[in-house]
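Peer 1: structure, please.
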Amino acid sequence: MAGTMVEFASNGGKTAAYLSTPASGKGPGLLVIQEWWGLVGHIKNVCDRFAAEGFTALAPDMYHGKTADEPDGAGKLFMALNIGQAEKDLRGAATYLQGRSSTQKLGAVGFCMGGQLALYAATLNSTVGACVNFYGVHPNVKPDYTKLSGPVLGLFAEKDGFVTPQVAKDLDAAIKKAGKHVETHIYPGVDHAFFNDENKTAYNKTAADDAWRRTLAFFRQNVK
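Peer 2: Numbers count the residues shown, from 1 in each chain. Model (predicted):
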């Protein structure tokens with residue numbers, strides 16, 4: 001791993017995060033939000049990939065030290081997520097990242113649970129000027145899309161049993177109804193978590209490579 005673990009202030013406490021910075025020392029800031037597994041190696045690797053592309057990437061530990069390596073445990077952590085604490089952590093992470101970003105505006109990107117939390121972060125912080133949602137889901141997180149201060153890119157999977165194509169279309173419609181800009185792509189023939197190259201059953205290289213290309217182009221255009 002090229003990055004380091006850091007701590008940021010969160011509502012009077014401290015929350016850990018993984019920070020990866022580009023060779024230049026400072027790039028446009030991106031919040032990278034974990035899947036339901038927690039702040040695991042895959043998410044740190046994604047941060048490192050963003051840093052290699054010139055971004056400053058910060059992944060806050062939304063589970064505060066806990067991780068899971070099988071679905072039952074992940075599901076319990078997912079449902080136990082304290083939304084009030086998550087809101088404070090997302091605000092604190094954005095404030096910390098702003099001090100290390102070369103741009104006034106930040107981006108937010110998340111995967112699975114993190115996709116929904118990235119949308120939430122984008123509604124909580126006017127500094128978040130662009131959001132990429134990879135197949136985001138969390139039943140207890142209800143972002144107010146009228147508070148988005150920038151565009152959204154949604155990346156979904158046709159065979160997703162959690163976030164079905166209809167759910168993706170409904171989300172697209174809800175963001176548009178709020179008067180905000182969203183672009184949605186549903187990848188044919190792939191499943192939830194197709195971007196996670198450590199999830200051998202779901203990973204699809206073709207879709208993942210295309211989604212990565214779109215994500216980089218979207219942030220380069222909108223995080224300035």
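Peer 1: show me the contacts for residue 74.
Peer 2: Contact criterion C-beta atoms under 8 Å, 6 or more residues apart in numbering gives 35, 36, 37, 38, 68 as the residues in contact with residue 74. Backbone N, C-alpha and C define where each C-beta goes, glycine included.
Peer 1: how about stretch 213-224: buried residues?
Peer 2: Residues of stretch 213-224 classed as buried: 215, 216, 218, 219, 222, 223 (neighbour count, 16 or more other C-beta atoms under 10 Å).
Peer 1: and it, how far from the chain's centre?
Peer 2: Using C-alpha atoms, centre = their mean, to the nearest Å, we find the averaged C-alpha position of stretch 213-224 to lie 14 Å away from the chain's own average C-alpha position.
Peer 1: and that stretch, average pLDDT?
Peer 2: Rounded to a whole number, the mean pLDDT of stretch 213-224 is 97.
Peer 1: now distance to residue 144 and secondary structure too, for the buried residues of stretch 213-224, in JSON lines please.
Peer 2: Conversion of the buried residues of stretch 213-224 to JSON lines gives the following (distance: C-beta to C-beta, whole Å; DSSP: H, G, I helix; E, B strand; the rest coil):
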{"residue": "215", "distance to residue 144": "24", "secondary structure": "helix"}
{"residue": "216", "distance to residue 144": "28", "secondary structure": "helix"}
{"residue": "218", "distance to residue 144": "22", "secondary structure": "helix"}
{"residue": "219", "distance to residue 144": "23", "secondary structure": "helix"}
{"residue": "222", "distance to residue 144": "20", "secondary structure": "helix"}
{"residue": "223", "distance to residue 144": "22", "secondary structure": "coil"}
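Peer 1: from these, which is closest to residue 125?
Peer 2: residue 223 (13.0 Å; C-beta to C-beta).
Peer 1: turn the buried residues of stretch 213-224 into JSON lines, including distance to residue 99.
Peer 2: Shown next, in JSON lines, are the buried residues of stretch 213-224 (distance: C-beta to C-beta, whole Å):
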{"residue": "215", "distance to residue 99": "24"}
{"residue": "216", "distance to residue 99": "23"}
{"residue": "218", "distance to residue 99": "24"}
{"residue": "219", "distance to residue 99": "19"}
{"residue": "222", "distance to residue 99": "20"}
{"residue": "223", "distance to residue 99": "16"}
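Peer 1: nearest to residue 27 among the residues you listed?
Peer 2: Within the buried residues of stretch 213-224, distances to residue 27 taken as C-beta to C-beta reach their minimum at residue 223, with 9.3 Å.
Peer 1: which non-adjacent residue is nearest residue 205?
Peer 2: Setting aside the residues directly before and after it, residue 205 is nearest to residue 197 in space (C-beta to C-beta, 6 or more residues apart in numbering), at 7.8 Å.
Peer 1: residue 208 is in contact with the one you found, correct?
Peer 2: Yes: Residue 197 is in contact with residue 208 according to C-beta atoms under 8 Å; the separation is 6.7 Å.
Peer 1: which one's more surrounded, those two?
Peer 2: Neighbours were counted for residue 197 and for residue 208 using other C-beta atoms under 10 Å; residue 208 has more, 20 against 15.
Peer 1: so which helix or strand takes in that one?
Peer 2: Secondary structure here is read from DSSP states H and E; on that basis residue 208 sits in helix 205-222.
Peer 1: so which elements touch that helix?
Peer 2: Helix 205-222 makes packing contacts with strand 106-111, strand 128-134, strand 152-157, strand 182-187 when contacts are defined by 3 or more C-beta pairs under 8 Å, 6 or more residues apart in numbering; DSSP states H and E.
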